[in-house]
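A.B. asks: The following block contains a protein sequence and its predicted model.
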Amino acid sequence: MKKIIIATAMASMLMAPSCTGKGEATAEPQAFDYNVDRFADIQVLRYKVPEFDSLSLNQKILVYYLTEAALWGRDILWDQNNRHNLDMRQLLEAVYTNYDGDKESADFKAFDTYMKQVWFGNGIHHHYSTDKFTPAFSRSFLEERIAALPANAAPANAAELVDVIFNPALEAKRVNQAAGQDLVATSANNMYAPGVTQEEVEAYFASIRKPNDSTPISYGLNTRIDRGPDGKIRETTYKIGGLYSKAIEKIVENLDSASHYAENDAQRQIINSLIDYYRTGDLATFDKYSIEWAEDTLSQVDFINGFIETYGDPLGMTGTWESIVNFKNIPASKRTETLSADAQWFEDNSPVDKQFKKEKVKGVSAKVITAAILAGDAYPATPIGINLPNANWIRAAHGSKSVTIENITQAYDEASHGNGFNEEFVIDEPTRELLNKYLFVTDNLHTDLHECLGHGSGRLMPGKEDALKEHGSAIEEARADLFALYYLADPKMLEIGLLDNPDAYKAEYYKYILNGMLTQLQRIEPGKEVEEAHMRNRKLIAEWAYEHGKDNNVIELVNRDGKTFIKINDYEALRGLFGELLAEIQRIRSTGDYEAGRAMIEKYAVKIDPALHKEVLDRYATLDIAPYKGFVNPVYTPVRDNEGRITDIKVDYTEGYADQMLRYGRDYHALK
Ligand code: ZN
């Protein structure tokens, strides 16, 4: 009983917003529904912001203004994605909100899906494939609805916009990467004015780049390329008084408010440098800000805000606008600190041959964070980790921040309960219960062990760095995974308080074998082999353990009505096998035994049984699991006293997807 109680406490530490007694406890709905909406190939989820109430009032207000600064950048991204997007949003939302016809009609349902896709894509292109969305409603439906709109509800260029929606040749792909084509001219993003060619852009940047510059600015990061009155290519800068000025003014206004609540002088300086950059558009100032940001490891609240990632530009120079506001998850970060502090113990006690161990080992502690808002290009689809800044010379000289966003991974995990996956692939109810109870905790711990200790453990013989050649990555990943798997079942985990039940590790063991042998095959097309290093590593470990445990029936493949299930009969023996394989993989890595590495990969990690592959794909297809997921944000509302001073920030999780999108369009439209 004791175990379960602690387990629940641990889980709620990660999952429930804790009411710490400061102020009133907000009533929490009985069951938090992670699933918000489902359309096309998209599942929309919501996430919790655990521990928000444990922040000080000052920190809460800081977070609040940073979230406002985040939301005001939305229109910038929409316009960067395509020059029609803001007008398009006005038109589509007018039709959507004024619709008074039959909501069950095929045309409206298709329009509803299209509207939701456009919101999700921050414009008319798919966020991932960057292909333009194809409407499944009729042109006449839309034209009739536009004609019925109240005066001034539709933008003046509505007819042109209808053409853009229905003519597949117009604005076809947001980011075209096809080799041999003019990537600028054929991409529909708005970082280059129509008529600008790739050749011109490349010549322009070649002409302004300083040669042999060891600390280069990020050329083109915050500019749009157009043609000046002289017919020549020029950059127009995103800044106050420049392009997107109205939105940037609102961002700066809120950053300025945030700076008054900074946790310390260093953080205030970071915010002020960012404001300077938005005022001047000067990329050297952006580098100054990035360095200050990378070096700040003391503040609990943190944020990114600006033109950051360059995937939206086919030439990889211009950053799309994004923001994530977050704060350090102190209990979860303690996990990685605890492991790092004991790094030497783990090294000394591993089943690896002594000559391949490090005499002195240092653990790495990665920061675990809680996202408070996702915005711009990080919304609604979002990363689960951040590793910035992007400039290589800054990373080398000043370090970088690598973080895991645990409330997002937790939401993914929670939402996956009930999607039918466990019912389809997990052998029985007790095992499913085990997974429901312990998989999230043990999966995170597995990642921590892998990252903080696994990769850093072990010693290479001199000159064996690259001896495993093309199999090096898969073997290295296997080494780190095995280190993690082996220790996950160690009594040490209970001793240092990272697990509270001696059986918890079984959840990760079961999932690992299931994934390695069966379910990961879902990501591979029929007829193909396993190629990606992490997937090879998982298959290697699972198949090796299956074969070497055969005599004692450690892992059993059970066939029920033509479906294959994994049954693990002896978890302790499985741990022994992981230890044995770890010792051998470490030997291969340490001595650079290419031949043994190659033989092992080829035997266990590459080839797929076609019948089993087909079975997995067929079973997956029945589940209707959306390939892409994204999130709605919580709503933050300041509570004020009679003098207008903020006394608290309330968090609400009840807003729906369409409601949130319409509200953002209403309350944060800076550019239209
Ligand atoms: Zn790894």
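C.D. replies: Here it is on my side, so go on.
A.B. asks: tell me the average confidence for the helix or strand hosting residue 322?
C.D. replies: Using DSSP states H and E, residue 322 maps to strand 321-328. Averaged across strand 321-328, the pLDDT comes to 98.
A.B. asks: Please apply the same query to stretch 403-417.
C.D. replies: In this model, stretch 403-417 has a mean pLDDT of 89.
A.B. asks: same thing with stretch 600-619?
C.D. replies: When pLDDT is averaged over stretch 600-619, the result is 97.
A.B. asks: Check stretch 476-491 too.
C.D. replies: The average pLDDT within stretch 476-491 is 97.
A.B. asks: all numbers from here: first residue = 41
C.D. replies: Yep, numbering from 41; the last one is stretch 516-531 now.
A.B. asks: which parts of it are buried?
C.D. replies: Residues of stretch 516-531 classed as buried by neighbour count (16 or more other Cβ atoms under 10 Å): 516-530. The way it works is simple: take the backbone N, C-alpha and C, and place the C-beta from them, glycine included.
A.B. asks: do stretch 574-584 as well
C.D. replies: Buried residues in stretch 574-584, defined by neighbour count with 16+ other Cβ under 10 Å: 575-584.
A.B. asks: Residue numbers of the protein in contact with the ion?
C.D. replies: Residues of the chain lying close to the ion (Cβ under 5 Å from the ion) are 517, 520.
A.B. asks: Any stretches of the chain with poor pLDDT?
C.D. replies: Flagging of the chain using pLDDT under 70 yields the residue ranges 41-70.
A.B. asks: Strands of that one, residue ranges please.
C.D. replies: Per DSSP state E, the chain carries strands over the ranges 75-79, 82-86, 263-267, 273-277, 341-347, 361-368, 407-416, 425-428, 441-445, 595-600, 603-608, 668-672, 675-680, 686-692.
A.B. asks: Adding mean neighbour count and distance to residue 191, write these out as TSV.
C.D. replies: Shown next, in TSV, are those (neighbours: other Cβ atoms under 10 Å; distance: least, Cβ to Cβ, whole Å):
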stretch	mean neighbour count	distance to residue 191
strand 75-79	17	31
strand 82-86	24	33
strand 263-267	19	33
strand 273-277	17	34
strand 341-347	24	37
strand 361-368	26	33
strand 407-416	25	33
strand 425-428	16	46
strand 441-445	20	45
strand 595-600	13	65
strand 603-608	18	61
strand 668-672	21	32
strand 675-680	15	32
strand 686-692	16	35
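A.B. asks: any chance of those strands in CSV, with distance to residue 561 too?
C.D. replies: Output for the strands of the chain, formatted as CSV (distance: least, Cβ to Cβ, whole Å):
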stretch, distance to residue 561
strand 75-79, 25
strand 82-86, 22
strand 263-267, 44
strand 273-277, 48
strand 341-347, 36
strand 361-368, 33
strand 407-416, 31
strand 425-428, 25
strand 441-445, 26
strand 595-600, 14
strand 603-608, 11
strand 668-672, 20
strand 675-680, 41
strand 686-692, 40
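A.B. asks: returning to what we had before: who does the strand holding residue 362 touch, helix- and strand-wise?
C.D. replies: With contacts taken as 3 or more Cβ pairs under 8 Å, 6 or more residues apart in numbering; DSSP states H and E, strand 361-368 sits against helix 97-111, helix 114-121, strand 341-347, strand 407-416, strand 441-445.
A.B. asks: Just list the residues touching the most centrally placed residue in the chain, thanks.
C.D. replies: What sits nearest the mean C-alpha location of the chain, by Cα atoms, centre = their mean, is residue 423, with 1.4 Å. Neighbour list for residue 423: residue 445 [criterion: Cβ atoms under 8 Å, 6 or more residues apart in numbering].
A.B. asks: Which one, of the strands of the chain, ends up nearest to residue 236?
C.D. replies: strand 263-267 (5.5 Å; Cβ to Cβ).
A.B. asks: The closest one vs strand 273-277, what angle?
C.D. replies: Orientation check (axes from the mean of the first three to the mean of the last three Cα atoms, to 10 degrees): strand 263-267 against strand 273-277 gives 140 degrees.
A.B. asks: Strand 263-267 to helix 114-121, inter-axis angle?
C.D. replies: Note on geometry: by the same axes, to 10 degrees, strand 263-267 and helix 114-121 are set 50 degrees apart in direction.
A.B. asks: and the angle for strand 263-267 with strand 341-347?
C.D. replies: Using the same axes, to 10 degrees: strand 263-267 against strand 341-347 is 10 degrees.
A.B. asks: Which secondary structure elements does strand 263-267 sit against?
C.D. replies: Counting contacts by 3+ Cβ pairs under 8 Å, 6+ apart, strand 263-267 packs against strand 273-277.
A.B. asks: What strands flank the strand it packs on, and is each parallel or antiparallel?
C.D. replies: Strand 273-277 has the following strand partners under DSSP bridges: strand 263-267 (antiparallel).
A.B. asks: Any idea how far the partner strand is from the middle of the chain?
C.D. replies: Remark: strand 263-267 is offset 30 Å from the chain centroid, using Cα atoms, centre = their mean, to the nearest Å.
A.B. asks: what number of residues lie near the closest residue to residue 709 other than its chain neighbours?
C.D. replies: Nearest residue to residue 709, sequence neighbours excluded (Cβ to Cβ, 6 or more residues apart in numbering): residue 115, at 6.0 Å. Applying other Cβ atoms under 10 Å, we find 25 residues neighbouring residue 115.
A.B. asks: Can you dump the C-alpha atoms of the strand holding residue 362 in CSV for me?
C.D. replies: Taking C-alpha atoms only, strand 361-368 is exported to CSV below (Å, rounded to 0.1, in the frame of the first residue of the first chain):
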residue,chain,number,x,y,z
TRP,A,361,8.9,34.4,-35.0
GLU,A,362,8.3,32.2,-31.9
SER,A,363,8.1,32.3,-28.2
ILE,A,364,8.0,29.8,-25.3
VAL,A,365,7.7,31.0,-21.7
ASN,A,366,8.7,28.5,-19.1
PHE,A,367,10.1,28.0,-15.6
LYS,A,368,12.4,25.4,-14.2
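A.B. asks: Not counting it itself, show me its contacts.
C.D. replies: Under the contact criterion Cβ under 8 Å, 6+ apart, strand 361-368 has outside partners 91, 95, 99, 103, 106-107, 109-110, 113, 116-117, 120, 278, 340-349, 407-419, 422, 426, 443, 445.
A.B. asks: Swap in 6 Å and give it another go.
C.D. replies: If you take Cβ atoms under 6 Å, 6 or more residues apart in numbering as the criterion, strand 361-368 is touched by 103, 106-107, 110, 113, 116-117, 340-345, 347-348, 407, 409-418.
A.B. asks: Just want the angle from it to strand 341-347.
C.D. replies: Calculated by the same axes, to 10 degrees, strand 361-368 forms an angle of 170 degrees with strand 341-347.
A.B. asks: Paired strands for strand 361-368, with orientation please.
C.D. replies: For strand 361-368, pairing defined by DSSP bridges yields strand 341-347 (antiparallel), strand 407-416 (antiparallel).
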